[in-house]
Every structure is written in C-alpha cells, then in structure tokens.
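*Asks:* My questions concern the predicted model and sequence given below.
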Amino acid sequence: MKKIFFGLLITLFALNVSATGVIVLEGHYQGKNLYVQNPFAGSGVGFCTFEVTINGEVTTDEVNSSAFEIDFANFQMKVGDPVIVKIKHKDDCKPKVLNPEVLKPKSTFEIVAMKISTDGNFDWTTKSETGKLTFIVEQFRWNKWIKVGEVDGNGTTAENSYQFKITPHSGENKFRVKQIDYSGKPRYSQASRFISPLGEISFSPIKAKIDVNFTGETLFEVYDSYGNIVKKGFGEKVDVSNLKKGIYYLNYDNKTETFVKK
C-alpha cells in the first residue's frame, strides 16, 4: 500500500510540474520595469505565477500576490541591453503583462553630425540609440519627401556612424533620416542640404507614342490624370507604349511637367 501511495504522489507531482505554461517576452531594456497582473490558480489554491527569469536567471521578485513588478535593477542592465523574460505559470490560469511595450525598441536617436560628400555619400552620426531600428532615408523631391532607401540602426547609446549612397538631382538637394518605433510615430532628423553640380535635365517629346527621353539619367514617376502612379524608375527614358492615350504628369530631376500619350 505504501508503495502504491508514494507512486501516486510521484505521479501527481510530475503532472503538476509538467502542467505549466510560459510567457516569453523578448526585447531591449529601456530603463523601465514590467508590471504583471497575477490571478489565482484555477484550483483556487495559490497564485498563477510561480517563477520569473530574466536572461535565464531567476528573479527575487515576490510573485505570490495579485500583482507584482519585474524589477531589472538587480541585474545591472544598461539601456539597450537585450532581454528575455520568462514568466512560468500554472496551466489552468494565465497572468497578464500590463506594459509589454517597455521592452520594445524606442526611437531615441540624436544626430551628432550630418554631411553629404561630393562623391554622393550621405553620412550621419548618432548617439543615444536604445534599440535596433531601421533608419529610413528620405529625399525632398517634387515638393514632397520620398523614401529612397533604408539602413539598419546599431541600437547602441555610443556614437554610431552610417552611410548611404544617394542619387541627387540638379540644384539644391535635401536629405533626412527617420525612424518609426512601436508607437507608430516617426522621429525625424533635421535636413542635410547640398548643391549638386549636375546639369539641369529636360525631356522630349511633349507628345510621345513610344518613349519619353531625358537628356540625362534621372529618377522619374509618371501619374495619370486621376493621380495614379503608372510608371517609376531610374534611367534616360520611359517606355510609354503601353499607356492609354491622354495627358500624364511626369516627375523627373527636380521638376513636375506634363506630356501627352498619342
């Protein structure tokens, strides 16, 4: 009988240990703690959470309460350090993390320097980055800011240097970078300006049947009379043979003009 009793205890213990769930949160330390809503276990005995680890180390946080804080202070973390939090709980209940966004990267970069070199490189240096976010490079062209490329951010608080090869137009050029974090709100740099030595570009013919030709290579966009973009690219000509007859708007170099498809 004793053997049977102890066997049942071991089986029940094994079932209790295996019948668990884990909530995993990954991100980067942003200087803020996590807060967890912790219900009772489904059995009504004790609370749902029984262990919390940060980067594999068990925390000393008191989890036997209806709400608790996951404190990063004891782990001597720096802002931007990678974090993996695991909240182990019983399988008949589930705790709720109230502010998981505090581990998501936030756009905090500050521009130290920006310049555009004569060989067409856009360089910028940042500091105070606290998470790896992509820098979106934008150029002011055709009376609007347009995306021209992306550069991965390093996400460290020390100074970081970046470079992007630009495609300038004639006259004054303006470039900037931006990041978009979990909030969805973009963070912009100031604009960097320079005067391009490129000559002004023109196009022909005004009435085109096959191609629209430029006097040099340029970025271009073609819009129909309803404002829908129908062509875009880079080169010395645009194939318009498959367009319907009518008036079209042509963005090229730093200009917006019109042509007629015959």
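*Replies:* Here it is on my side, so go on.
*Asks:* what sits against residue 186?
*Replies:* Residue 186 is in contact with 107, 178, 179, 180, counting by CB atoms under 8 Å, 6 or more residues apart in numbering. Using the backbone N, CA and C atoms, a C-beta is placed for each residue, glycine as well.
*Asks:* My understanding was that the first one contacts residue 187; is that so?
*Replies:* Yes - applying CB atoms under 8 Å, one finds residue 107 in contact with residue 187, separated by 4.0 Å.
*Asks:* okay, those two: which has more neighbours?
*Replies:* The neighbour count for residue 107 versus residue 187, taken as other CB atoms under 10 Å, is higher for residue 107 (20 against 15).
*Asks:* element containing that one?
*Replies:* For residue 107, there is no helix or strand it lies in under DSSP states H and E.
*Asks:* What segments of this protein are helices?
*Replies:* For the chain, the helices defined by DSSP state H cover 2-18.
*Asks:* Mind splitting it into its structural domains?
*Replies:* Here the domain parsing of the chain from automatic domain parsing is 19-103, 110-196, 203-261.
*Asks:* export those domains to TSV and tack on mean pLDDT?
*Replies:* Shown next, in TSV, are the domains of the chain (pLDDT from 0 to 100):
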stretch	mean pLDDT
domain 19-103	92
domain 110-196	94
domain 203-261	97
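*Asks:* Please name every helix or strand in contact with the longest strand along the chain.
*Replies:* Taking DSSP state E as the assignment, the strand of the chain that covers the most residues is strand 211-223. Here strand 211-223 touches strand 203-204, strand 229-239, strand 246-252, going by 3 or more CB pairs under 8 Å, 6 or more residues apart in numbering; DSSP states H and E.
*Asks:* how about JSON lines for those, with distance to residue 160 and mean neighbour count added?
*Replies:* JSON lines is the format used below for the helices and strands packed on strand 211-223 (distance: least, CB to CB, whole Å; neighbours: other CB atoms under 10 Å):
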{"stretch": "strand 203-204", "distance to residue 160": "40", "mean neighbour count": "16"}
{"stretch": "strand 229-239", "distance to residue 160": "29", "mean neighbour count": "14"}
{"stretch": "strand 246-252", "distance to residue 160": "33", "mean neighbour count": "17"}
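*Asks:* which residues do residue 107 and residue 187 both contact?
*Replies:* 179, 180, 181.
*Asks:* from the residues you listed, which single one is nearest residue 137?
*Replies:* Set against residue 137, the nearest of these by CB to CB is residue 179 (11.1 Å).
*Asks:* Need the pLDDT of the spatially closest residue to that closest one that is not a sequence neighbour.
*Replies:* Excluding the flanking residues, the one nearest residue 179 by CB to CB, 6 or more residues apart in numbering is residue 107, at 4.0 Å. In this model, residue 107 is scored at 94, pLDDT.
*Asks:* show me what contacts residue 107?
*Replies:* 131, 133, 179, 180, 181, 186, 187.
*Asks:* tell me which residues form a beta bridge with the last one?
*Replies:* In other words, residue 187. residue 179 (DSSP bridges).
*Asks:* what about it, distance to residue 105?
*Replies:* 12 Å (CB to CB, to the nearest Å).
*Asks:* Between these two, which contacts overlap?
*Replies:* In contact with both residue 187 and residue 105: residue 181, using CB under 8 Å, 6+ apart.
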